[in-house]
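In: how would this look folded up:
(chains A, B, C and D)
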Number of protein chains: 4
Amino acid sequence: MAIVLGPNQYGKAEVRVVAVDRATPRHSLVDLNVSTSLRGDFTAAHTAGDNAHVLTTDTQKNTVLAFARDGIGTPESFALRLARHFTGAQEWITGARVAVESYGWDRIAVGGQPHDHAFSRTGGEVRTAVVTADSSGPGPGLHVLAGLTDLVVLKTTGSEFRGFPRDRYTTLPGTSDRILATAVTARWRYTSTDLPWDDAFAGVRTTLLETFAATHSLALQQTLYAMGEAVLERHPQVAEVRMSMPNRHHFLADLSAFGLDNHLEGQLGAVVYHAADRPYGLIEGSVLRDDVPPATVAWLGTPGFC
Amino acid sequence: MAIVLGPNQYGKAEVRVVAVDRATPRHSLVDLNVSTSLRGDFTAAHTAGDNAHVLTTDTQKNTVLAFARDGIGTPESFALRLARHFTGAQEWITGARVAVESYGWDRIAVGGQPHDHAFSRTGGEVRTAVVTADSSGPGPGLHVLAGLTDLVVLKTTGSEFRGFPRDRYTTLPGTSDRILATAVTARWRYTSTDLPWDDAFAGVRTTLLETFAATHSLALQQTLYAMGEAVLERHPQVAEVRMSMPNRHHFLADLSAFGLDNHLEGQLGAVVYHAADRPYGLIEGSVLRDDVPPATVAWLGTPGFC
Amino acid sequence: MAIVLGPNQYGKAEVRVVAVDRATPRHSLVDLNVSTSLRGDFTAAHTAGDNAHVLTTDTQKNTVLAFARDGIGTPESFALRLARHFTGAQEWITGARVAVESYGWDRIAVGGQPHDHAFSRTGGEVRTAVVTADSSGPGPGLHVLAGLTDLVVLKTTGSEFRGFPRDRYTTLPGTSDRILATAVTARWRYTSTDLPWDDAFAGVRTTLLETFAATHSLALQQTLYAMGEAVLERHPQVAEVRMSMPNRHHFLADLSAFGLDNHLEGQLGAVVYHAADRPYGLIEGSVLRDDVPPATVAWLGTPGFC
Amino acid sequence: MAIVLGPNQYGKAEVRVVAVDRATPRHSLVDLNVSTSLRGDFTAAHTAGDNAHVLTTDTQKNTVLAFARDGIGTPESFALRLARHFTGAQEWITGARVAVESYGWDRIAVGGQPHDHAFSRTGGEVRTAVVTADSSGPGPGLHVLAGLTDLVVLKTTGSEFRGFPRDRYTTLPGTSDRILATAVTARWRYTSTDLPWDDAFAGVRTTLLETFAATHSLALQQTLYAMGEAVLERHPQVAEVRMSMPNRHHFLADLSAFGLDNHLEGQLGAVVYHAADRPYGLIEGSVLRDDVPPATVAWLGTPGFC
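Out: Numbering: from 1, shown residues only, chains lettered A, B, ... in the order given. Below is the predicted model:
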């Protein structure tokens, strides 16, 4: 028996780079959080402290900043540029993973007119992109995931949950009308490395939102699947979708002790819920085309269960 | 010398109540985080463990939920209802502070049409309201603060910082063109307890945003003051504004080691900045009318330096 | 009526400075998070963008780092040095507030022996110090607060809560045996600016812990008061104590639906509780000597309700 | 081509259960955060909203609380009980993942004596356990991971970093004496499902700490590997170790502008560093025995890159 080094990677996490296009008085900006990781032959660094193969994480940070000087473009294209660079940088580097979070900014309206150089943050939602370059395998070796996190959505009705099995520990009654709320994390894999990335992202995002809204939900699993299915139906360039959806429980308040009803048919006043933090249901699932080859390496290092 | 009980209060923090108006198929919702605190004669609880005066925090939570059954309305009016109730509940309760965070929801558009009962969270910004009832003093005893937190704004130009004094420890060069970015926390005190609260809030928020955008900044202090001054000029029902504005530094990347310029006049490509986390400048200040009596009790317990 | 500048301050927040004493092979370190704020005549910066009085926040950061070069000593003495420096730096600076968080490190034991230069972080608890210099008043103008935050403590018994009043919204039953858990934030004001700070801190901390443990609690208010009273009784150099104690509710699990009892007298197995996040009770109070003059300025800008 | 459901799981996340052994006046407690996930045939729930196979997440929560009534024991044994139960609960459930975070409590000392029922939280470090049951494969189908997160450690010397390659974007000088600081996340897989779990955990933790301290570091990769190798050498029941170690950079402060040296040989006073937040290096790696079969399913859903 021997003790050996297993899979490993290293890089610089969370380089906060902001690129401003000031070519005209109407500025625009791109605001990213970039994390890079390199894969390859780094055995000597681990076993002997020999750093001859270690392109430093400081250099990776510098590269991110320097590459932004030419303009960032989209998260996906910027990550592609970086991933290609790193895997070509030195022969022992056989793979790179570049993960990007992108923060949106809206122009501030002054007197109804969008301002040239003043902006406000769009919200809590974050757009993500992950590019993995892998020169160790036989294939083209470049994979692009896009996604979003913290897209918080809620339906005040149109959500049921019943017909589940009961065992000794089951006390939950079924319901035909509940609040359904979640914070969507979705990531999808493209089959191309050359797309109009902003349009593609916007299209998938719209599909996710519309499907969440329009689906009469019998289970959060059903909603998740419907959202993924709709993405694949409407966006042929997407091979698979993975989603994680916490069930942000909203419990109907029991006001009977105060002589108050709640959640009546046609109720006047308001129906009152208590929004709970923990514990929460957590639904995770994937939807995919059965004729697209899997790409395990594309997902390596990305949070998720599969 | 004696050891005595000093100022004290207690209550229930962070009751997450969601009220849905389902009177018609076009639902609406109000999503709040409510914290209540009571003031009065609670000495025996402290010194003898005698709870005869302690309206429990569980009861306070129940009251929040029960009051929501009639509909919440605006954060300010809901907090006023609760504060009036608690101070009238028992003779030894002479004051109450009700602090509300309000989370915004937008209707999801499906096929271009806003949906009847599906919503997405507006963003990171939070609307706040604080009502303080104080029956111990001579005055009317009700005070209303409105506000917002985490309104993240940024200007890509139109911001200078120079002309500051230099001592042994000063190394910063002055600049006539920098990014100015901050997360605005603002709170303002109304002179009335009966206003169209949503309109008033929206009006002040617009003034804050427009003034941030339109002010050519020579210092973050100047921007802060201009924002507060504009609020008082345009909104006669506001007596004072208090603001806290962290300076979210964006440092110009030094790319010269890579043979790259940055931040040239009329530069092609992008100007590259590194967004820093800590440390950060922190500018806090208030703007007020000199003919309005102060209301110390209105601010008691609200974060801020004064 | 005129619109005027009200109270204001500015500074550099969260300078993360680590000072290592390497004079001998047995190293020691001090790990701080320092925030400085200056008060004085900064009107022109606000109203005219004139920075002639604005000692920059970058300079304040540099000063913190430079002063650490001589060694930091205790949080209190370091904050005193900085506060004295800033108020003496320029005539228009009449006050300074220096707030310090201190993170503890323990030596790692190797083969039972504490290592010379390897350490592990002590835990979640943070020691705090706030020094306020105020040359605008008649007095000596230096105030020292010490404190701690996030000292998480729990009692599995020895806590009751009953005898409280009941109104329409009261449903809570009283209890003579519950879990009492809280995360203590305590801050206390010294009457001296020259003390053995580490010993003083350690002494007060021990008193807080011992009193929490030894007090049979009839209310969290009672426990809070007992802790503050004990500090004043045993530590004559302390003038007042302010505490904030969230009631981290642990609800007895109702297992009756599963045919299981819980919380029986002399129960075998375990008594099962569910630890809740929100909402939570929040108890805030202060204990003080009635013969010590108050020092409002000492607390300005420190979170808390009074 | 068809669109199909891919891998999926669901469960209840973050059940905060506290179990108190009150059999004698000397109480003890176990404080856990338990997350359960079920795997199996849940296709109908996704594609048709048919919940006949969905053992509800509420039932999973109830089961956690009910099982705690018998006492929790160790995190590993409690997770094993739950995982066995869920996979045997219904024929269509073929797998379960039970992830546990465990929070430590120390007895408060009163007058030097550990108290019977009063405790303080041990610190920021969290002990973890993950049990995966998988009845779909040929093998025994039970896997146990143990681990820890947020073990924050630092060396003030005994760390070098040099000899790395340089490219166009490399500016970092090498160093033979730097601070090395990290927050260790480590997880290791046992080859047994029946061990003295607390002793095993304590032993591995000690090995990790001692090796971090005693290793003269030439690279964080080298330290990581040395820690993993030592665990495997000293603990035969461990098959592999996976670690994630962010490089918490401590930059030597450049005080030369103030006429101050820093980091001299035999320097009096202190060597001053600035602790940075972002970006940070991130080193991830695994160490394993080459004669132990891999167990991919054991790691499914656990954060990490491989």
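
In: make it CA atoms for all contacts and neighbour counts henceforth
Out: Noted.

In: need the residues of the stretch 51-200 of chain A near chain D, please.
Out: The stretch 51-200 of chain A comes close to chain D at residues A:51-63, A:66, A:161-166, A:169-172, as judged by C-alpha under 8 Å from any C-alpha of the partner chain.

In: What average pLDDT does stretch A:255-265 get?
Out: Summarised as a single mean, pLDDT over stretch A:255-265 is 96.

In: Buried ones in it, by neighbour count?
Out: For stretch A:255-265, the neighbour count (16 or more other C-alpha atoms under 10 Å in any protein chain shown) marks A:255, A:262-263 as buried.

In: What is the distance between that stretch and the centre of its chain?
Out: 40 Å (C-alpha atoms, centre = their mean, to the nearest Å).

In: if you look at it, does any of it touch chain C?
Out: Yes - with C-alpha under 8 Å from any C-alpha as the measure, stretch A:255-265 is seen reaching chain C through A:257-258.

In: Would you map the strands across the stretch 51-200 of chain A?
Out: Along the stretch 51-200 of chain A, counting by DSSP state E, counting those that start in this stretch, strands occupy A:93-103, A:105-110, A:113-121, A:126-134, A:142-155, A:180-190.

In: Is chain B within reach of the fifth one?
Out: Yes - residues of strand A:142-155 are located near chain B by C-alpha under 8 Å from any C-alpha, namely A:151-155.

In: now that we have the residues you listed, which one has the most neighbours?
Out: If you count neighbours using other C-alpha atoms under 10 Å in any protein chain shown, the busiest of the residues of strand A:142-155 next to chain B is residue A:155, which has 25 neighbours.

In: How about stretch A:165-184 and chain B, any contact?
Out: No - figure legend: stretch A:165-184 not in contact with chain B (C-alpha under 8 Å from any C-alpha); closest approach 9.3 Å.

In: my bad, should have said stretch A:228-248
Out: No - where contact is defined by C-alpha under 8 Å from any C-alpha, no part of stretch A:228-248 touches chain B; the two come within 12.0 Å at best.

In: quick one: low-confidence parts of the stretch 51-200 of chain A?
Out: A:139-140 (pLDDT under 70).

In: Would you mind extracting the C-alpha trace of the longest helix along chain A into PDB?
Out: When chain A is parsed with DSSP state H, its longest helix is helix A:197-214. Coordinates of each C-alpha in helix A:197-214 appear next as PDB, following Å, rounded to 0.1, in the frame of the first residue of the first chain:
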ATOM      1  CA  TRP A 197     -24.100  34.800 -24.500                       C
ATOM      2  CA  ASP A 198     -26.200  37.700 -23.100                       C
ATOM      3  CA  ASP A 199     -29.200  36.800 -25.300                       C
ATOM      4  CA  ALA A 200     -28.900  33.200 -24.400                       C
ATOM      5  CA  PHE A 201     -28.800  33.900 -20.700                       C
ATOM      6  CA  ALA A 202     -31.700  36.300 -20.900                       C
ATOM      7  CA  GLY A 203     -33.700  33.800 -22.800                       C
ATOM      8  CA  VAL A 204     -33.200  31.000 -20.300                       C
ATOM      9  CA  ARG A 205     -33.900  33.300 -17.400                       C
ATOM     10  CA  THR A 206     -37.200  34.300 -18.900                       C
ATOM     11  CA  THR A 207     -38.100  30.700 -19.500                       C
ATOM     12  CA  LEU A 208     -37.400  29.800 -15.900                       C
ATOM     13  CA  LEU A 209     -39.400  32.700 -14.500                       C
ATOM     14  CA  GLU A 210     -42.400  32.300 -16.900                       C
ATOM     15  CA  THR A 211     -42.600  28.500 -16.200                       C
ATOM     16  CA  PHE A 212     -42.400  29.000 -12.500                       C
ATOM     17  CA  ALA A 213     -45.300  31.500 -12.700                       C
ATOM     18  CA  ALA A 214     -47.400  29.600 -15.100                       C
END
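
In: Does the very next helix or strand once past it reach chain D?
Out: Beyond helix A:197-214 on the C-terminal side, the first helix or strand identified by DSSP states H and E is helix A:220-234. Yes - counting by C-alpha under 8 Å from any C-alpha, contacts between helix A:220-234 and chain D involve A:221-226, A:229, A:232.

In: Show me what helix A:220-234 is packed up against.
Out: If you count contacts as 3 or more C-alpha pairs under 8 Å, 6 or more residues apart in numbering or on different chains; DSSP states H and E, helix A:220-234 packs onto helix A:197-214, strand A:238-247, strand A:280-289, strand D:3-21, helix D:43-48.

In: one more time with 6 Å
Out: Of the remaining helices and strands, those touching helix A:220-234 by 3 or more C-alpha pairs under 6 Å, 6 or more residues apart in numbering or on different chains; DSSP states H and E are helix D:43-48.

In: Buried residues of the helix it packs on, list them for me.
Out: For helix D:43-48, using 16+ other C-alpha under 10 Å, the buried residues are D:43, D:45-48.

In: Equivalent analysis for stretch A:196-214, please.
Out: Buried residues in stretch A:196-214 (16+ other C-alpha under 10 Å): A:197, A:201, A:204-214.

In: So what touches that stretch?
Out: Identification of contacts with stretch A:196-214 by C-alpha atoms under 6 Å, 6 or more residues apart in numbering or on different chains yields A:227, B:110, B:118.

In: In the stretch 101-250 of chain A, which residue sits nearest chain B?
Out: Nearest residue of the stretch 101-250 of chain A to chain B: residue A:123, at 3.4 Å (C-alpha to the nearest C-alpha).

In: what's the neighbour count on the closest residue to that residue other than its chain neighbours?
Out: Nearest residue to residue A:123 in three dimensions, chain neighbours excluded: residue B:123, at 3.4 Å (C-alpha to C-alpha, 6 or more residues apart in numbering or on different chains). By other C-alpha under 10 Å, the residues close to residue B:123 number 20.

In: Same check on residue A:159?
Out: Neighbour count for residue A:159, taken as other C-alpha under 10 Å: 20.

In: who's it bridged to?
Out: Partner residues in beta bridges with residue A:159, using DSSP bridges, are residue A:217.

In: Go ahead and confirm it touches residue A:217.
Out: Yes - the criterion here is C-alpha atoms under 6 Å, and residue A:159 meets it with residue A:217 at 4.5 Å.

In: Spell out which parts of chain A neighbour chain B.
Out: Contact residues, chain A versus chain B (C-alpha under 6 Å from any C-alpha of the partner chain): A:16-21, A:23, A:69-71, A:110, A:117-121, A:123-124, A:152-156, A:210, A:213, A:266, A:268-275.

In: which regions of the stretch 201-306 of chain A sit below the pLDDT cut-off?
Out: Checking the stretch 201-306 of chain A against pLDDT under 70 turns up A:305-306.

In: picking up where we left off before, now render the contacts of stretch A:196-214 as a markdown table, adding distance to residue C:146 and neighbour count.
Out: Below are the contacts of stretch A:196-214 laid out as a markdown table (distance: C-alpha to C-alpha, whole Å; neighbours: other C-alpha atoms under 10 Å in any protein chain shown):
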| residue | distance to residue C:146 | neighbour count |
| --- | --- | --- |
| A:227 | 54 | 26 |
| B:110 | 56 | 18 |
| B:118 | 50 | 29 |
